[in-house]
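Undergrad: Have a look at this prediction, sequence included:
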Amino acid sequence: MAELKTGGRFKSAVCTAEIMVVSAPSGDVNLTCGGVVMVESASGAVNGGEIHPDHAVGVAIGKRYINEEETLEVLCVKNGDGGLAVAGQLLLQKDTKKLPKTD
Amino acid sequence: MNVMMLLEMANAAFPERTAFTDGSSGESYTYSELFEASRRRAASVRASGAGRLVKLDVSNLATPLSLFTSAWAGVPFVPLNYRLTDAEIEALLKRVTPAYLVTQADRVATLGALNEVNAIACANFLDAGQHTQAFEGEWSMDPEEVAVLLFTSGTTGEPKAAVLRHKHLVSYILSSVEFASAAEEDASLVCVPPYHIAGIAAVMSSVYSGRHVIQLPNFTAEAWVQLAREHKVTTAFVVPTMLARIVELLEGQGNVTADMPHLNSLAYGGGKMPLSVIKKAMRFFPNTDFSNAYGLTETSSTICVLGPDEHRETVASTDPMINRRLVSVGRALPGVEIEIRDDEGKLLKAGGRGEIYVRGEQVSGEYEGRGAVTDVDGWFPTRDAGSMDEEGYLFLEGRADDVIVRGGENLSPGEIEDVMLTHPDVADVAVVGIPDEQWGEAVAAAVVAKPNVSIDIDALKTMISEQLRSSRVPAVISVWSELPYNETGKLLRRVVKAELSQS
């Protein structure tokens, strides 16, 4: 469990995935990847372990993931085989709206 | 959050793609080359002990390299306007020391002699052989760190340094660009100056979308058309004066269309687009999507967009309310809120003219040494005057400071200019207030005639008085050969005002 601050960067303990927090509710959030709690990217090596089979959906670089209440949004900055979840609930991939190119 | 993260992701997803090509030298960087080069330059900057990375040169490969280097090294990036006088440049440079200055070779000796300025020629900054040490550290993910200090073109007094933090710039990119959305063959022609917010936004959004940037350092219509065709450019951004010159060139060559079927989208912004120019441009580029973008330095670039479909719908519409939206700047981007308020700060209803306020994650509204000028709820007063219609389309009316106060009545130059531009002989117009004994200020206008016609001033006044109240009819109308614009297409109203005040 950790407090997720906007702009904070976390890595998976069980795969190569990394995410950045876009928005998060206040207080501690149990954000997991592959079923195991994610750790701050700045922290050292992690123990590893296995991806839980129910959480092996993977994350893709550049995609955004949200919880059902849309109070949490993260951006995947490194691909990984684990799936993101909060308190056991898998996050959903957010649909992005296409905007006209302006710059 | 850190701007470097955008390049990190591009480097992970498509390292071998060409990222930037200097249109004048033909030299290129792939994403992985740019990433590795930034790591090495970050070591050089850190070793110098500088607190800022300053770039003073035209657009070239050192433009993206210095932006990402500074983000990695954890020092603010300060692009300076190379068109300023030597004295102005020195004065700005002294405000950002200790500085690592990347500049033109012939400026290195003079500027490098200044206290706490470590100057390096652009060619040497780009030369890999001179930066062999790789920076070991990671970049900071603290969203509050300052990414860019940008001196605004301030029309009065000393230029202000707008503070853009990593959170503002990254928020802007995340809310307006989809990662890796560009195709491998997409190419963007960038001709806005590197010290302009649109130039910085262009670097970041191209990197995040994976779009190849072709840099055009010194704009001419001829060079723009040539590079666009040579590189089969798919997207471009221009300021209105540039588009006017491109259209003029194509017209002069007797072309029916621009013959650029590859150009999918053309965005413009940075000043008021004359209706005649955009209508003509839409004919020359029949298959191109047009977008109008409105933004400020203090808002990390674009906050409002009039998209391609809206361009087509407004042009085709017979409803004058919809038709006039072609001269609007469109609607707020997702995550951006806009309000129009009166002089006392009260919210105005749809259609009311007042000052434009903006709020959102990408809005900084902060100046170095002065703090944020946003209010307690985060609203930034833009000092731009405007109005918004019922569906949220924003119309710009010039700077709030340009409002003419005639006998206690507030008059908007934009309203009068819009009417004058509908006259068939008028190509361009600027309306300003000039000192007047009786009224405090009087309305005065400088007009430019279309080629080979002369303007009948009395007939023009009659036309205005048929559409607007008599207080809005200019007391003075002077015919000029052209109006003064700066290099990014901003009308220099103070110059018009000074000139007309003397006559």
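TA: Received it, and whenever you're ready, just let me know what you need.

Undergrad: Checking the residue in chain A that chain B sits nearest to next. Helix, strand or coil?
TA: For chain A, the residue positioned closest to chain B under CB to the nearest CB is A:Gly62, at a distance of 2.7 Å. For every residue, glycine as well, the C-beta is placed using N, CA and C. Here A:Gly62 is recorded as coil under DSSP: H, G, I helix; E, B strand; the rest coil.

Undergrad: Go ahead and confirm it touches B:Val177.
TA: No. A:Gly62 sits out of contact with B:Val177 when judged by CB atoms under 8 Å, with a separation of 9.8 Å.

Undergrad: If you count surrounding residues, which of the two has more?
TA: A count of neighbours by other CB atoms under 10 Å in any protein chain shown puts B:Val177 above the other of A:Gly62 and B:Val177, at 26 against 22.

Undergrad: just the strands in chain A please.
TA: Listed in chain order, the strands of chain A (DSSP state E) span A:2-3, A:9-11, A:18-23, A:28-29, A:31-33, A:36-37, A:39-40, A:64-66, A:73-78, A:84-86, A:89-90, A:92-93.

Undergrad: What of the stretch 401-503 of chain B?
TA: Shown for the stretch 401-503 of chain B, the strands assigned by DSSP state E, counting those that start in this stretch span residues B:404-406, B:409-411, B:426-436, B:440-449, B:476-480.

Undergrad: do you know which of these lies nearest chain A?
TA: Using CB to the nearest CB, those put strand B:426-436 closest to chain A, at 24.3 Å.

Undergrad: hang on, the earlier thing: got the contact list for the residue of chain A closest to chain B?
TA: For A:Gly62, the contact set (CB atoms under 8 Å, 6 or more residues apart in numbering or on different chains) comprises A:75-76, B:9, B:13, B:178-180.

Undergrad: Per-residue pLDDT of it, please?
TA: pLDDT for A:Gly62: 96.

Undergrad: do A:Met1 as well
TA: If you check A:Met1, the pLDDT there is 67.

Undergrad: likewise B:Pro286?
TA: 93.

Undergrad: The residue lying closest to it once chain neighbours are set aside: how many residues sit nearby?
TA: Among residues not flanking B:Pro286 along the chain, B:Thr257 sits closest, at 6.1 Å (CB to CB, 6 or more residues apart in numbering or on different chains). By the criterion of other CB under 10 Å, B:Thr257 has 13 neighbours.

Undergrad: now swap in B:Asp402 and tell me
TA: By the criterion of other CB under 10 Å, B:Asp402 has 22 neighbours.

Undergrad: Next: A:Ala24.
TA: With other CB under 10 Å as criterion, A:Ala24 counts 19.

Undergrad: wait, it sits on A:Leu4?
TA: Yes. Counting by CB under 8 Å, A:Ala24 does reach A:Leu4; the two are 3.7 Å apart.

Undergrad: Without its sequence neighbours, what residue ends up closest to B:Val327?
TA: In space, B:Val327 is closest to B:Leu275, 5.7 Å off (CB to CB, 6+ apart).

Undergrad: dump the residue contacts of B:Met273.
TA: Listed by CB under 8 Å, 6+ apart, the contact set of B:Met273 reads B:240, B:243, B:292, B:327.

Undergrad: farthest pair in these?
TA: B:Leu243 and B:Val327 (13.9 Å; CB to CB).

Undergrad: neighbour-wise, which of these two wins?
TA: B:Leu243 (25 against 20).

Undergrad: Show me what stretch A:64-73 is in contact with.
TA: For stretch A:64-73, contacts defined as CB under 8 Å, 6+ apart pick out A:4, A:19, A:21-25, A:29, A:31, A:59, A:74-76, A:84, A:86, A:89, A:91-94, A:96.

Undergrad: Distance across that stretch, terminal residue to terminal residue?
TA: With CA to CA, to the nearest Å as the measure, stretch A:64-73 spans 7 Å from end to end.

Undergrad: what about the nearest residue to B:Glu136 once chain neighbours are set aside, which SS state?
TA: Nearest residue to B:Glu136, sequence neighbours excluded (CB to CB, 6+ apart): B:Ala43, at 8.0 Å. Following three-state DSSP, B:Ala43 is assigned to helix.

Undergrad: Quick check: B:Ala43 touching B:Ala134?
TA: Yes. B:Ala43 is in contact with B:Ala134 according to CB under 8 Å; the separation is 6.1 Å.

Undergrad: any idea which of the contacts of A:Gly62 is closest to B:Val405?
TA: Lowest distance from B:Val405 to the contacts of A:Gly62 (CB to CB) belongs to B:Glu178, with 46.0 Å.

Undergrad: thinking the closest one is in contact with B:Ser209, fair?
TA: Yes. Using CB under 8 Å as the test, B:Glu178 is close enough to B:Ser209 to be in contact (6.9 Å).

Undergrad: More neighbours: which of the two?
TA: B:Ser209 (23 against 16).

Undergrad: Which residues does stretch B:30-45 contact?
TA: With CB under 8 Å, 6+ apart, stretch B:30-45 has contacts from B:4, B:7-8, B:10-11, B:14-20, B:29, B:53, B:64-66, B:68-73, B:75, B:100, B:125, B:128, B:130-136, B:207, B:210.

Undergrad: Where helices are concerned, which of these count?
TA: Members of these lying in helices (criterion: DSSP state H): B:4, B:7-8, B:10-11, B:64-66, B:68-73, B:125, B:207.

Undergrad: If we check chain A, which of the residues you listed are in contact?
TA: B:Glu8 (CB under 8 Å from any CB of the partner chain).

Undergrad: Report the contact partners of the nearest residue to A:Thr16 once chain neighbours are set aside.
TA: Nearest residue to A:Thr16, sequence neighbours excluded (CB to CB, 6+ apart): A:Gly80, at 4.7 Å. A:Gly80 is in contact with A:12, A:15-18, A:33-34, A:58-59, counting by CB under 8 Å, 6+ apart.

Undergrad: now do B:Ala87
TA: If you count contacts by CB under 8 Å, 6+ apart, B:Ala87 has none.
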